[in-house]
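Enquirer: Just a sequence and a predicted model for now, questions to come.
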Amino acid sequence: MAVSTTSAPITYATRVDKVGVRYQIARALRIAVVVLYAVISLIPVFWMVTAAFKSRPDVVAIPPKVFFEPTIEGFISLLTKRVLLPPGMMEEYKQRTDLNFAERIMAERGQRITGPSQYGQRLLNSVIVASASTVLSVLLGVLAAYAFSRFNVPGKGDLLFFILSTRMLPPVVVTIPIFLMYQQLRLYDTHLGLILLYTVFNLSFAVWLLKGFIDEIPREYEEAALVDGYSRLQAFRKVVLPQAITGIAATFVFCLIFAWNEYAFALMLTSERARTAPPSIPTVLGTGGIEWSAIAAGTLGFLIPVIIVTFALRDYLLRGVTFGALRK
Amino acid sequence: MADIELQQVEKRFGEQYAVRPLDLFIKNGEFVALLGPSGCGKTTTLRMIAGLETVSGGKIILNGQDVTWLKPSQRDVAMVFQFFALYPHLTAWENIAFPLQAEGESKENIKRRVKEVAELLRIEPLLKSRPGALSSGDQQRIALARALVRRPSCFLMDEPLGALDADFRETMRSEIKRLHILQNATTVYVTHDQIEAMAMADRIVVMSQGVVQQVGTPAEVYHAPSNLFVAQFIGSPGMNLVRGNWADGVVTLPGDNRYTPPAGWPEALNRGLSGSGVIVGFRPEAVNIHPNGQLAAGVYSVDLHGSYTMLVLEMGDDHSIHARVSRDAHFTVGETVRFDLTPSMVRFFDPKSEKAIPIINHES
């Protein structure tokens, strides 16, 4: 009450209960909690980003340095293979005029670059495996979800439960049998092997999530298209798919994040050719101890693709998480 | 343009009948309304004609061709849905062009025909908008345009005005009727609103619980309902139905009223009734109040409607009837009025079979 008499007149549309002191305080508290939570969850990310730009002494300094001289030696050690040169040969090496930017930096640390590391290849493997398995699970998922949503599939409830039940045990439980099977099937250390596996694990999630979205699309749209002269498949493509795009995008992001981050299977089922980034990043060992700045740089590079995709699809993602609650 | 013929068409869900075997012939250019309360099977019937629902038995013949098992796209019908079913991701223009694209029409043809139909419905300014940005009335116009643009052999409309505001409903009602007259296309129109059906249809099919109760012109179902359901369902309020006893040429009605049926009826009643019980039916406008009337009732309430006044009268204990009287007449609650019934507007029903008693040589 005091507010309405002392403060300036309210000239915008708002609810009466939203101008009281108590409401204002509650709102400020809510915002404070959210900001605090965001800060806490961003600390590791901040730590990682700074570590990636720290020099080798800085990264292990105690107390930790917040202000430091940024360097990209972490990124260079991540992307290259190097040898340690004895001091005598080093002087001679440093005199050479054909050294490029990266070689000069590493020369300061007494190292000579001998070639590129496998990081690029591992990241590429991650991109191949994650994108292929995501596309596959969303594609199969949307078809299965449509069928479950629209047709009288015999044993529908049981089938849906069965699909969900594949998610009911921790995937790691089946690593050993899958490892043995993959060796027999020659799927060990192949892209195809990981793609199939991730698709299987993502499919249950994709079917259930997409079924929810497709259930919300009124059948009348397809029926209108059927009467308008289209076949069931055309109606699905031209009418259902464009309207399910929110759900498809949300499912796509969730599947992608799972496949992108998966660690245990990738560690067990790959070695050289198909190894993805997650199991390889912690193994970036330098020539004299753990290269923390290289590991941080590798993790940063690993984050970027998934950040780009999530950012591009963020609107859909938000609506996907709220499961259509924001739609009318 | 086409005839539609339903032969013993039925729909069952398990043991449950949604539509009991039904015969109906709709001739070319006719506007037929399927009318009934919700769940009476009218929409199911329409969807079976469209091919969106399979039949459990019987045949559907469209323009001489058996289409019972053809896909909707092969039937050359257009449908308008209650909630419009406009594709939200397409503009109005794209929505209207959508069926033409299915037929593989050339771009020029599509442009020309969309333009034609947009002019017909006066929706040219809306063509670039998405359905979500339009009012429900405009959305319904777009939906109509999408149905019209294909020039199908028949139109199927599923409560197309059900989602509109009351005042807009009337505008669209006359618009649809105008379109029907212009296009002269066979139209099957599902509605639960009897005023809509009366105003628009050439013939009305009254349905209840999956059974066709009566097929007839609006005048027929209004003046000569074939059973108690139709009598009550058609008209607002429905027909007055008063239980009585038929004996010695007189019907005894509640409140010690004795009513002598008009000429021709006594014979019909003697022949048609299963017992001595009878139900007398008459429309509110069949009541003529005058001091020497044969029947008497107490005034229960007086409702002014502007152009007329509706009286609720009580014959005996809680046997209320409606009477439509001139807006100039004045009544007070509780007074007793005497009235007669216009002889040609009186109907009789058998209480057991609930069917109308047929009359020989009656004029209506």
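Expert: Sure, I can see it.
Enquirer: all contacts plus neighbour counts: C-alpha atoms, from now on.
Expert: Noted.
Enquirer: quick one, domains of the chain?
Expert: All of this is about chain A. Chain A breaks down into these domains under automatic domain parsing: A:2-52, A:72-117, A:120-321.
Enquirer: not what I meant, chain B
Expert: B:4-228, B:238-349.
Enquirer: between those domains, which one is nearest to chain A?
Expert: domain B:4-228 (3.9 Å; C-alpha to the nearest C-alpha).
Enquirer: Provide a list of residues in contact with the closest residue to chain B within the stretch 201-328 of chain A.
Expert: Proximity of the stretch 201-328 of chain A to chain B (C-alpha to the nearest C-alpha) peaks at residue A:229, 3.9 Å away. Residue A:229 sits next to B:72-74, B:99, B:102-103 when contact means C-alpha atoms under 8 Å, 6 or more residues apart in numbering or on different chains.
Enquirer: What subset of the residues you listed is buried?
Expert: Burial by neighbour count, 16 or more other C-alpha atoms under 10 Å in any protein chain shown: within the contacts of residue A:229 this picks out B:72-74, B:99, B:102.
Enquirer: To residue B:221, which of the domains of chain A lies closest?
Expert: Closest of the domains of chain A to residue B:221 is domain A:120-321, at 31.6 Å (criterion: C-alpha to C-alpha).
Enquirer: Distance from the chain centre to that closest one, please.
Expert: 11 Å (C-alpha atoms, centre = their mean, to the nearest Å).
Enquirer: and the helix or strand containing residue B:252, what does it pack onto?
Expert: Using DSSP states H and E, residue B:252 maps to strand B:250-253. Judged by 3 or more C-alpha pairs under 8 Å, 6 or more residues apart in numbering or on different chains; DSSP states H and E, the packing partners of strand B:250-253 are strand B:240-247, strand B:257-259.
Enquirer: Can you redo those as JSON lines, where the extra columns are mean neighbour count and distance to chain A?
Expert: As requested, the helices and strands packed on strand B:250-253 are exported to JSON lines (neighbours: other C-alpha atoms under 10 Å in any protein chain shown; distance: least, C-alpha to the nearest C-alpha, whole Å):
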{"stretch": "strand B:240-247", "mean neighbour count": "19", "distance to chain A": "40"}
{"stretch": "strand B:257-259", "mean neighbour count": "17", "distance to chain A": "54"}
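Enquirer: Dump those strands into JSON lines; add distance to residue A:34 as well.
Expert: Output for the helices and strands packed on strand B:250-253, formatted as JSON lines (distance: least, C-alpha to C-alpha, whole Å):
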{"stretch": "strand B:240-247", "distance to residue A:34": "67"}
{"stretch": "strand B:257-259", "distance to residue A:34": "79"}
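Enquirer: Just give me the neighbour total for the closest residue to chain B within the stretch 1-150 of chain A.
Expert: Proximity of the stretch 1-150 of chain A to chain B (C-alpha to the nearest C-alpha) peaks at residue A:150, 12.7 Å away. Residues near residue A:150, counting by other C-alpha atoms under 10 Å in any protein chain shown, number 12.
Enquirer: pull the CA atoms of stretch B:7-15 into CSV?
Expert: Extracted C-alpha coordinates of stretch B:7-15, given in CSV (Å, rounded to 0.1, in the frame of the first residue of the first chain):
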residue,chain,number,x,y,z
GLN,B,7,-26.1,-48.4,-49.1
GLN,B,8,-26.4,-50.0,-45.7
VAL,B,9,-23.3,-48.2,-44.6
GLU,B,10,-22.5,-48.9,-41.0
LYS,B,11,-19.6,-48.4,-38.5
ARG,B,12,-18.9,-50.6,-35.5
PHE,B,13,-16.2,-50.3,-32.9
GLY,B,14,-16.1,-53.8,-31.6
GLU,B,15,-19.6,-54.6,-30.6
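Enquirer: Which parts of it count as buried, going by neighbours?
Expert: Buried residues in stretch B:7-15, defined by neighbour count with 16+ other C-alpha under 10 Å: B:7, B:9-12.
Enquirer: quick check, distance from it to the centre of its chain.
Expert: Centre-to-centre, stretch B:7-15 and its host chain are 22 Å apart (C-alpha atoms, centre = their mean).
Enquirer: ok, back up a step: which of the buried ones among the contacts of residue A:229 fall in strands?
Expert: Within the buried ones among the contacts of residue A:229, no residue falls in strands by DSSP state E.
Enquirer: now, which of these sits nearest residue B:119?
Expert: Looking across the buried ones among the contacts of residue A:229 and measuring by C-alpha to C-alpha, the closest to residue B:119 is residue B:99, at 18.0 Å.
Enquirer: would you turn the domains of chain B into CSV with distance to residue A:245 and mean pLDDT?
Expert: Shown next, in CSV, are these (distance: least, C-alpha to C-alpha, whole Å; pLDDT from 0 to 100):
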stretch, distance to residue A:245, mean pLDDT
domain B:4-228, 10, 91
domain B:238-349, 50, 90
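Enquirer: any idea which helix or strand carries residue A:197?
Expert: Element membership of residue A:197, judged by DSSP H and E, is helix A:191-215.
Enquirer: buried set for that helix?
Expert: For helix A:191-215, by 16+ other C-alpha under 10 Å, it's A:191-214.
Enquirer: Packing partners of it?
Expert: Going by 3+ C-alpha pairs under 8 Å, 6+ apart, helix A:191-215 lies up against helix A:119-150, helix A:156-165, helix A:245-261, helix A:264-269.
Enquirer: Repeat the analysis, applying 7 Å as the threshold.
Expert: helix A:119-150, helix A:245-261 (3 or more C-alpha pairs under 7 Å, 6 or more residues apart in numbering or on different chains; DSSP states H and E).
Enquirer: Isn't residue B:290 up against residue B:341?
Expert: No - Residue B:290 is beyond contact range of residue B:341, at 10.6 Å (criterion: C-alpha atoms under 7 Å).
Enquirer: out of those two, which sits in the busier spot?
Expert: Between residue B:290 and residue B:341, residue B:341 has the larger neighbour count (other C-alpha under 10 Å), namely 21 against 12.
Enquirer: Contact partners for the closest residue in space to that one that isn't next to it in sequence?
Expert: Once flanking residues are discounted, residue B:341 sits nearest to residue B:287: 4.9 Å by C-alpha to C-alpha, 6 or more residues apart in numbering or on different chains. Contacts for residue B:287 (C-alpha atoms under 7 Å, 6 or more residues apart in numbering or on different chains) come out as B:323-324, B:339-342.
Enquirer: Can you say which of these are buried?
Expert: For the contacts of residue B:287, buried by 16+ other C-alpha under 10 Å: B:323-324, B:339-341.
Enquirer: Of the residues you listed, which pair is most distant in space?
Expert: Maximum distance among those (C-alpha to C-alpha): 12.6 Å, for B:324 and B:340.
Enquirer: circling back: and the strand holding residue B:252, which residues are buried?
Expert: Applying a neighbour-count criterion of 16+ other C-alpha under 10 Å, one finds B:251-253 buried in strand B:250-253.
Enquirer: Kindly indicate which of those residues lies nearest residue B:278.
Expert: Looking across these and measuring by C-alpha to C-alpha, the closest to residue B:278 is residue B:251, at 7.9 Å.
Enquirer: which one of the contacts of residue A:229 sits closest to residue A:295?
Expert: Looking across these and measuring by C-alpha to C-alpha, the closest to residue A:295 is residue B:102, at 56.1 Å.
Enquirer: Which residues of chain A lie near chain B?
Expert: Listed as neighbours of chain B in chain A under the rule C-alpha under 7 Å from any C-alpha of the partner chain: A:220-221, A:223-224, A:226-230, A:239, A:242-243.
Enquirer: Would you format those residues as a markdown table with pLDDT and secondary structure included?
Expert: Output for those, formatted as a markdown table (pLDDT from 0 to 100; DSSP: H, G, I helix; E, B strand; the rest coil):
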| residue | pLDDT | secondary structure |
| --- | --- | --- |
| A:220 | 89 | helix |
| A:221 | 91 | helix |
| A:223 | 91 | helix |
| A:224 | 92 | helix |
| A:226 | 92 | helix |
| A:227 | 91 | helix |
| A:228 | 90 | coil |
| A:229 | 89 | coil |
| A:230 | 92 | coil |
| A:239 | 91 | helix |
| A:242 | 90 | helix |
| A:243 | 89 | helix |
